[in-house]
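>>> quick one: sequence and predicted model below, then my questions.
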Amino acid sequence: AVSIRRERVVHSNEEGRVMSHPPSLEHFMYRLIVRTSELLPLRGSVLEDSIPALKSEKIKTIPTKEVLEFCFPELQLSSLHLGIQSGPCEEQLVRLDEQCNEKTYKVGVMYCRAGQQTEEEMYNNEEGGPAFNEFLDVIGQRVRLKGFNKYKAGLCNKNDSTGLYSVYSDFEGNEIMF
């Protein structure tokens, strides 16, 4: 399944205020979601100005074929069928997208002491310097792994076999373990 939406690009100044432009200077972009047979949604956006086939055209309807050919040249357009834009169809696609949305992330952060050059040397560090520890405090909170009942990212919370502490953050409903 493919979803395409054409949107006006909104420009803002340093204070975050939206700036208006005359129609001749407006820019548009296309937001795309391609759902594969493996149910993995591929999401992206592309500026209308970057699609060569659209350079000289006045856009009245979404040029689906041209946008897809530019963004996904390997996609066989003949295998796609036009869907019905209806409430139930849209609701089903939203549910499918929410089902595939990953809300947990595992991020590796390593400390490199002065003079260290190999990963092995860095893996052997048991503690970091003051600036590194300050950085960890900024990106999340230190949590005791034993008994920790939120997203563990594969770390052991039973017997300290993967360490005593890690850094955890919950940002806008996304759980991140560092």
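Thanks, I have the structure now. Numbers count the residues shown, from 1 in each chain.

>>> in the chain, which spans are helices?
Under the criterion DSSP state H, helices of the chain are mapped to 64-71, 87-100, 119-123, 130-139.

>>> highest mean neighbour count out of these?
Highest mean neighbour count among these (mean count of other CB atoms under 10 Å): helix 64-71, with a mean of 16. Where C-beta positions appear, they are placed from N, C-alpha and C, glycine not excepted.

>>> show me what that helix is packed against.
Secondary-structure packing of helix 64-71 (3 or more CB pairs under 8 Å, 6 or more residues apart in numbering; DSSP states H and E): strand 2-8, strand 28-35, strand 41-47.

>>> okay if I get those as JSON lines plus distance to Cys156, mean neighbour count and mean pLDDT?
Compiled in JSON lines, the helices and strands packed on helix 64-71 are given as follows (distance: least, CB to CB, whole Å; neighbours: other CB atoms under 10 Å; pLDDT from 0 to 100):
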{"stretch": "strand 2-8", "distance to Cys156": "41", "mean neighbour count": "13", "mean pLDDT": "84"}
{"stretch": "strand 28-35", "distance to Cys156": "35", "mean neighbour count": "17", "mean pLDDT": "84"}
{"stretch": "strand 41-47", "distance to Cys156": "32", "mean neighbour count": "13", "mean pLDDT": "83"}
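
>>> can you list the ones you listed in TSV and add distance to Leu75?
Supplementary listing: those in TSV, determined by distance: least, CB to CB, whole Å:
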stretch	distance to Leu75
strand 2-8	8
strand 28-35	7
strand 41-47	10
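
>>> among those strands, which comes closest to Pro130?
Among the helices and strands packed on helix 64-71, strand 41-47 comes nearest to Pro130, with 39.3 Å by CB to CB.

>>> mind checking how far that closest one is from the chain centre?
Taking CA atoms, centre = their mean, to the nearest Å, one finds the center of strand 41-47 at 10 Å from the center of the full chain.
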